[in-house]
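S.K.: Provided below are the primary sequence and the corresponding predicted coordinates.
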Amino acid sequence: MKGMLSFKHGVHPPEHKEITAGIASKRFPFPSEVILPLSQHIGTPAKALVHPGDHVERGDVIAQAEGFISSTVHATAAGTVRSIELWPHPNGTMQRSIRITVDPNSTQMRRPRSIPRWQDVKDVDLSKEIAKAGIVGLGGAAFPSHVKLNPPKDQPVELLIINACECEPYLTSDHRVMLEQPDMVYEGIRIGLKALGITRAVIGIEGNKPDAIEMMRKTKPDDMDVEIVVLRTKYPQGAEKMLIKAVMDREVPSGALPSAIGAMVQNVATAANIAAVFKTGHPLIERIITVTGRGIRKPGNWRIPFGTKLRDVIEHCGGLTEDAAEIVFGGPMMGQSQANLDVPVLKATGGILILTNDECKRQDIMPCIKCGKCVEACPVFLNPQLMGALAKAERYEELVEEAHLNDCMLCGSCSFVCPSNIPLSQWFAMSKSQMRKLVTS
Amino acid sequence: MTDSTQVKITASPHVRSAESTVQIMWSVVISLVPVLAASIFFFGPSAILVIGASVAGCLLTERLFGSNPGSVADGSAVITGLLLGLSLPPGFPMWMAFLGGFFGVAFGKLIFGGLGQNIFNPALVGRAFLQAAFPVAITTWPARAGNWWTLQGDNLALPFMTPVVDTATAATPLGNLKFADEPVVTPIFDLFFGTTSGSLGETSALFILIGGLYLAYRGHLNWHIPLSIFVSAFAVSGIFYAIGISQFPPFFMLFSGSIMFGAFYFATDMVTSPVTNKGCWLYGFGIGFLVVIIRIWGGLPEGVMYAILLMNAMVPFINRATQPRLFGTSGKKKKKEAAS
Amino acid sequence: MNDKNIKIDLVDDADNNAEPGQEVPLKESVSTFRLVATLAVAGALAGLLIVMVNLHTKPIIDKYKAEQLALAVYEVIPGTDYYRTFYLVDSSLSPELPEGAKESEYKRVYVGYDADNKLNGVAMSRGESGYQDIILIIFGYSPNTGSIMGMKVLDSKETPGLGDKIFKDMAYVGQFFANPATPLIPVKPGAGKGLPGEIDTITGATISSKKLIEIINHALEEWQPYFDQGLPQTSVNPAAGEVTP
Amino acid sequence: MSDQGLFSIFFSAMVVNNFTLAMFLGLCPFMGVSARVETALRMGLANIFVLVLTSTSAWVLNTYILETVPYLRIISFIIVVASLVQIVEMVVKKLSPVLFRQLGIFLPLMTTNCAIFGLAIFQTNRGYGFFQGITFAVGAGLGLTLALVLMASIRESVEFSDVPNIAKGTALVLIIAGTLSMAFMGFAGLS
Amino acid sequence: MRKTTPSHDFIRGIWNENPVLIQMLGLCPALAVTNSVVNALAMSAATFFVICCSSVLISTCKRFIPHEVRISAYILVIATFVTLADMLLQAYAPVQHKALGAFIALIVVNCMILGRQEAFSAKNNVFRSLLDAVGTGIGFTIALVMMGGFREILGVGAFLGFPLFGPNFEPWVIMVLPAGGFLTLGFILLAMGYFEQRKKTRAEAAAEASS
Ligand SMILES: Cc1cc2nc3c(=O)[nH]c(=O)nc-3n(C[C@H](O)[C@H](O)[C@H](O)COP(=O)(O)O)c2cc1C
Ligand SMILES: Cc1cc2nc3c(=O)[nH]c(=O)nc-3n(C[C@H](O)[C@H](O)[C@H](O)COP(=O)(O)O)c2cc1C
Ligand SMILES: Cc1cc2nc3c(=O)[nH]c(=O)nc-3n(C[C@H](O)[C@H](O)[C@H](O)COP(=O)(O)O)c2cc1C
Ligand SMILES: Cc1cc2nc3c(=O)[nH]c(=O)nc-3n(C[C@H](O)[C@H](O)[C@H](O)CO)c2cc1C
Ligand code: SF4
Ligand code: SF4
Ligand code: SF4
Ligand code: SF4
Ligand code: FES
């Protein structure tokens, strides 16, 4: 493990990837209803194009992107629009969502669609095609990919970094993408390189996925300038800045974007899905999602249509065990707990994690004993101990000015190591929203 | 579980490391077992009486004056009591040990708001109080005489009364070198196994090392601190010894007195040491340096307690000065850019 | 508080805000002359008052000081009938000061004579830092026998209950009156080898008690050369400059 | 009259007999100006400056003028301290308005600071010469600054603590000062 | 605007606005010389003398002192009386004078005294200024004797030099050391805080019960 590329600090949570890593992905049956929020991405919500009663086919555009940083929404199954209403969203709010009653008799074939060969599209127009397909980053943030593939002219990108770290414990969806669709990944990289007008790419994979590394090496096309870099297994290796540090040995300046040092990071599943768009004409309507944890009876990797309700997923995976305690969308480190079984699975949902009481046992919050473990954990070299004290004292201004709250990426490493169980990253998230409120008011 | 009302909702991260503060504290107590056993082996029932009294003082104070009635169970007051007791001479009156425990916990810890919030090491605050209040009793080192079960001094002196039993005294290795008419350097072997006189817990470097290394292995103490203390004490005393202005050989400096004990157990108290590793280096170097200065030129034979307390006082300042360098910056304050 | 008749308003004018010592802008209305004059008059009156009281107290204070010194000298050189002050002038001891010299600038010893005008002993004072701060002592020495005749601590801030034993512990102080030979040798109580200059230190105040012994040794190192030049064995002129109790 | 070495005077004034923690001089600023490290540091530096000036002036005054009228010492020293502070204030204002703004409030406050006045009295009582006096002033000033800055940084960090209500404020500061004073006893006998 | 009566002038300084315990003025002498009751009394007496004389003189002469130089004038007046106190103590109580050392001279810079002149004597008549000075002086004395008593009893086992607990009492040396000064005042403030708190909670409980 030593000697492998990585970044400083970080943590080593138990991985638990063995639960699902070996399970090949299978198509998830179409549910009786899909719920498609107009906002499944970072940016402006899309504008609904359909009305209740409209019939839609699988892959139809049902909501149009609004503005540049926004993303188009497609029907993920054929059926009838039942309503457009406020519906629980995985982020805990109510969001305007299109409710489609799935046609049980439909074959769910895609409507034939004319997609140009990507090789024939001009570099600058590639991102438009990608935007049309509603592609957003599948690495967790769901940032519209066409925006990233259109870097500002004054900060040209020189290196495309494919993020195949999947550093969150439990999750294995990216792992399965590499094992099952390596050529799609390479195809996606080619498209990305063409869109960016560059030639060089790097794939960063954590050392705990030897079979994926092997597969990517085996299938690597000879004519491509792409390097496979094996990285140390450490959380949050997959965070953009950490990955860039490990691969390029450069730090993205505080407050700047990766393009400031000529890099662009894309998730491996995002790349594969971009390729799929051109290959199949299929917009982004489903993805591989890991359903895992000791609290679900039949864990596995599934290609689930977006909009499928959590309730349906659980039911299909054998239901919850007796001691299941917490349901999380995403990984255990950054994922969000879900209170409502009706929330739909979305583009950003990389995994559904059902933890048992043993796995997520809460202990009492003790006073901070200044052990410094959080400082030794923070990958962006903040001082969570001080930030925690400032947050508790509600001294937000100092938190931003002196303690650099804005550089915190809420990775949770500090909370993970804190022996006193202080919910540091939670406090930082709250402080951030408090600051936003202060700024807007 | 099928009903959504039973689901837990918590903020991320949803998993936590296995380490907990309470468990760390009790590990420290466990790691002290060899030292406790050694002190009882060397000093007999007196050790039990003195340590018992100081633990009782600490626990009672924590229970009576602590803001949180459950705080006794977190183990930190037990550590304070054990360490205070182990830092006292064998013949020390129990009432004084009890008083030290009270003072340390009340004015070294609870007045700041309890666990984690104190500036000074509570055990050392208690000891410094005792040293200043009863300087004679706390510097009386009984000669080891009689049987294992005879008391080493007037442990049972009545509260507020002077210890009256006249004990034959024996100088400590440090006293032997500093104040004796003919200075003697005690052999390292004796210092290592603890056959000398001194405070209950400090005499045997061997047992302290066992406990300290166990803690370092478990990750419950920051090894930067003891290491930097040893390096700086060794280097500073080595220089003075080499140029002939000190009579303390550097190895003697490391193994005599309470520097081992202090470096592994007192200086490493997380609450009262710096948060960053860089800060811990500075802190350790400061302690090592001050110990050497006080031992060579000060009025007292030993300076570990004062060195640690003085550096405890510096910790808030060190913490200010050793903030980690923010990722993606050169380390200079980003504030300046923001201001301009 | 309900005494309505004598209620007075405390005027809260702007000047109240001025900090003590803060410069207050000069107002046009008061002339600088008046300011200076007021202060000058006040100063003059103050000076006058002080001088008057000083005239009254100075003799008392001086007398007290002289008495204290004399008492100390007689205490540390037992058997002294009167003493004379010798100053260190140009590397030798002399009872006279050069013309116009300032008395305070010369180092001195007090030479005591017995009733037969014979040299009895010399008292000298010296201060060095002890455990807390400077320890100032006076002690008597017999140049003829080379032994210490007595010792008194004049000033010390040593720890009460510990270091203050150097003047409260009579067993310790008594040793200096038992004519120990010089240089003095500090030893741990009971650890002495029976040498003539041994002084037992005080347990718990080893540092102060040892320091005090060192002060005496240092003083003798400094003065012995001048004593070796010879001190008048008899008082040349008993009547002049003598001080008697 | 005193032949204490400069080194010994310096260390004694700075740590062994620290003005604030062992001699109780200048407690006003210690209590009042020790809430923020920056302010404490500035107050400390201003103090060193004025202490050195006071030491020099007091020495000159004492050696050449007060020789014959020692009983006017108190009154002359206080006048010297008061006018010195005023003069420093005016000079600093002229020469460096920036520094003046930074020191502004602290300068006038120093008139009633007993550390300054005490220095003059102590150096006279101990019979220090010119260089001894300056060493004494620098040592005392550094000691004062050390105590101030330590106290300020401790108070800043204690702001995060849940100090019990009855101890909030001065009581806690005094207990901390007492503990600091105990810690400084480690330097006793250092010579 | 505050309105006060002579009795109030007198009482105020003794407890409610005690210069040491409440206003934290004159701390240096309060801490430095209170290692015994005798020293505390001697210091109080000297301070008492200075504050009373200064108050009387300043309130008498306040009409003649131009506003611009009043602080200098006050300092001059205070310094004069301090010098007198110094000389008188030295002449008539040399032992105490030695024990108090330089702290007699330091009465000059005791902000409590200057503060009373500026805040009170400069604006009130002689009688009331004297009352105020006496009250403040008594308050100062109470605070010093409290501290001196506490420190002497624990630190020496005696009060005013009379042993209280017999020969076997183990004195707490720390109480007569500088650290003990800080701690003692800290303890006293803690105790005052405690009673204050209790009074408050009782008052609240009473208010609740009545409502
Ligand atoms: C703490 C943290 C950990 C992350 N870990 C990963 C990861 O393991 N894999 C990944 O693809 N993205 C990860 N991300 C997201 C990346 O920073 C980045 O957004 C993503 O790789 C960009 O690709 P995308 O736009 O295709 O999603 C992480 C982000 C954070 C803040
Ligand atoms: C206004 C804006 C502009 C962005 N421009 C770029 C870009 O030019 N290049 C890029 O790689 N990422 C760009 N991003 C995306 C972020 O770098 C990052 O990928 C995204 O916030 C998610 O990262 P995460 O998953 O690590 O949190 C941009 C984001 C925002 C909000
Ligand atoms: C608060 C305190 C005050 C002390 N004061 C003195 C003192 O005034 N004089 C002194 O010689 N030693 C003093 N000491 C030092 C020790 O009591 C003692 O001198 C030292 O341990 C060596 O003496 P011993 O060998 O007789 O035990 C003091 C120690 C402390 C903790
Ligand atoms: C490695 C380690 C060392 C400790 N050392 C001390 C100590 O020297 N004194 C003490 O009172 N408590 C010690 N504690 C316990 C605890 O941190 C202490 O009571 C806190 O200072 C109270 O807030 C220690 C704890 C740990 C984990
Ligand atoms: S989304 Fe989570 S698991 Fe997936 S790559 Fe990012 S951090 Fe790792
Ligand atoms: S959550 Fe923020 S502060 Fe905590 S480790 Fe991650 S980046 Fe650092
Ligand atoms: S890890 Fe927790 S207890 Fe340790 S310093 Fe950070 S916040 Fe405090
Ligand atoms: S002037 Fe001196 S005595 Fe008065 S409070 Fe200020 S610092 Fe203390
Ligand atoms: S602040 Fe009170 S004297 Fe400086």
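M.R.: On my side now, so go ahead. Ligands and ions are numbered 1, 2, ... in the order given.
S.K.: Test my guess that C:L136 contacts C:V153.
M.R.: Yes - between C:L136 and C:V153 there is a contact under Cβ atoms under 8 Å: 7.3 Å. No exception for glycine: its C-beta is placed from N, CA and C like everyone else's.
S.K.: more neighbours, these two?
M.R.: More neighbours surround C:V153 than the other of C:L136 and C:V153, with 20 against 16 (other Cβ atoms under 10 Å in any protein chain shown).
S.K.: ok, that one - contacts?
M.R.: C:I135, C:L136, C:I137, C:I166, C:F167, C:L212 (Cβ atoms under 8 Å, 6 or more residues apart in numbering or on different chains).
S.K.: For it, what is the enclosing helix or strand?
M.R.: In this structure, C:V153 sits in strand C:147-155 according to DSSP states H and E.
S.K.: Next, give phi and psi for A:K298.
M.R.: The phi/psi pair for A:K298 (degrees, to the nearest 10) reads phi -120, psi 80.
S.K.: burial of it, as a residue count?
M.R.: Residues near A:K298, counting by other Cβ under 10 Å: 10.
S.K.: Ok, A:P45 next?
M.R.: 18.
S.K.: thinking it is in contact with A:S70, fair?
M.R.: Yes - using Cβ under 8 Å, A:P45 is in contact with A:S70, at 7.3 Å.
S.K.: so who does whichever residue of chain D sits closest to ligand 5 touch?
M.R.: Distances between chain D and ligand 5 by Cβ to the nearest ligand atom are smallest at D:F160, namely 31.7 Å. Taking Cβ under 8 Å, 6+ apart as the criterion, D:F160 is in contact with A:A389, A:K392, A:A393, B:Q117.
S.K.: Keep only those of the contacts of C:V153 that are in strands.
M.R.: Among these, the ones falling in strands (DSSP state E) are C:I135, C:L136, C:I137.
S.K.: Quick one: the strands in the stretch 1-150 of chain A, in order.
M.R.: A:26-27, A:33-37, A:47-48, A:55-56, A:61-64, A:73-74, A:79-88, A:94-102 (DSSP state E, counting those that start in this stretch).
S.K.: deepest of those, which one?
M.R.: strand A:73-74 (a mean of 27; mean count of other Cβ atoms under 10 Å in any protein chain shown).
S.K.: Quick one: mean pLDDT for that strand?
M.R.: Averaging pLDDT along strand A:73-74 yields 95.
S.K.: And for stretch A:320-333?
M.R.: 93.
S.K.: same deal with stretch A:302-315?
M.R.: Confidence for stretch A:302-315, expressed as mean pLDDT, is 96.
S.K.: Residue numbers of the stretch 201-340 of chain B in contact with chain C?
M.R.: Contact residues, the stretch 201-340 of chain B versus chain C (Cβ under 8 Å from any Cβ of the partner chain): B:G299.
S.K.: OK, contacts around the residue in the stretch 201-340 of chain B positioned nearest to ligand 5?
M.R.: Using Cβ to the nearest ligand atom, the single residue of the stretch 201-340 of chain B nearest to ligand 5 is B:F327, 17.2 Å away. Contacts of B:F327 were listed using Cβ under 8 Å, 6+ apart, and they are A:K241, A:E251, A:S254, A:P379, A:V380, A:F381, A:D407.
S.K.: picking up where we left off before, buried ones in the strand holding C:V153?
M.R.: Residues of strand C:147-155 classed as buried: C:S147, C:I148, C:M149, C:G150, C:M151, C:K152, C:V153, C:L154 (neighbour count, 16 or more other Cβ atoms under 10 Å in any protein chain shown).
S.K.: again, but for stretch A:12-19
M.R.: For stretch A:12-19, by 16+ other Cβ under 10 Å, it's A:P13, A:E15, A:H16, A:K17, A:I19.
S.K.: And the residue nearest the centre of chain A?
M.R.: A:G140 (1.7 Å; Cα atoms, centre = their mean).
S.K.: what's near enough to touch the closest residue to A:S6 other than its chain neighbours?
M.R.: Excluding its sequence neighbours, the residue lying closest to A:S6 (Cβ to Cβ, 6 or more residues apart in numbering or on different chains) is A:R232, at 3.7 Å. The neighbourhood of A:R232, defined by Cβ under 8 Å, 6+ apart, consists of A:M1, A:M4, A:L5, A:S6, A:E206, A:G207, A:A246.
S.K.: what pLDDT, on average, does the strand holding C:V153 get?
M.R.: pLDDT averaged over strand C:147-155 gives 93.
S.K.: just stretch D:63-82 next, same as before
M.R.: 86.
S.K.: That stretch: how far from the chain's middle?
M.R.: With Cα atoms, centre = their mean, to the nearest Å as the basis, stretch D:63-82 stands 20 Å off its chain's centre.
S.K.: wait, does it contact chain C?
M.R.: Yes - under the criterion of Cβ under 8 Å from any Cβ, stretch D:63-82 makes contact with chain C via D:E67, D:Y71, D:L72, D:I75, D:A82.
S.K.: Who wins on neighbours among the residues you listed?
M.R.: Most surrounded of the residues of stretch D:63-82 next to chain C: other Cβ under 10 Å gives D:A82, at 24 neighbours.
S.K.: Least confident secondary structure element in chain D?
M.R.: Of the helices and strands making up chain D, the lowest-confidence element is helix D:106-109, at a mean of 64, by mean pLDDT, DSSP states H and E.
S.K.: Tell me who's in contact with the residue nearest the centre of chain C.
M.R.: For chain C, the residue nearest the mean C-alpha position is C:L154 (6.0 Å; Cα atoms, centre = their mean). Each residue near C:L154 by Cβ under 8 Å, 6+ apart is listed here: C:A72, C:S125, C:L136, C:I137, C:I138.
S.K.: For these, work out which two are farthest apart.
M.R.: Using Cβ to Cβ, those span at most 10.8 Å, a distance reached by C:A72 and C:L136.
S.K.: for ligand 8, what are the nearby residues on chain E?
M.R.: E:L25, E:G26, E:L27, E:C28, E:P29, E:V109, E:N110, E:C111 (Cβ under 6 Å from any ligand atom).
S.K.: Mind checking what secondary structure the first one has?
M.R.: Think E:L25. coil (DSSP: H, G, I helix; E, B strand; the rest coil).
S.K.: neighbours around it, how many?
M.R.: Neighbour tally, E:L25, other Cβ under 10 Å: 22.
S.K.: Ok, the fifth one next?
M.R.: Counted with other Cβ under 10 Å, the neighbours of E:P29 add up to 27.
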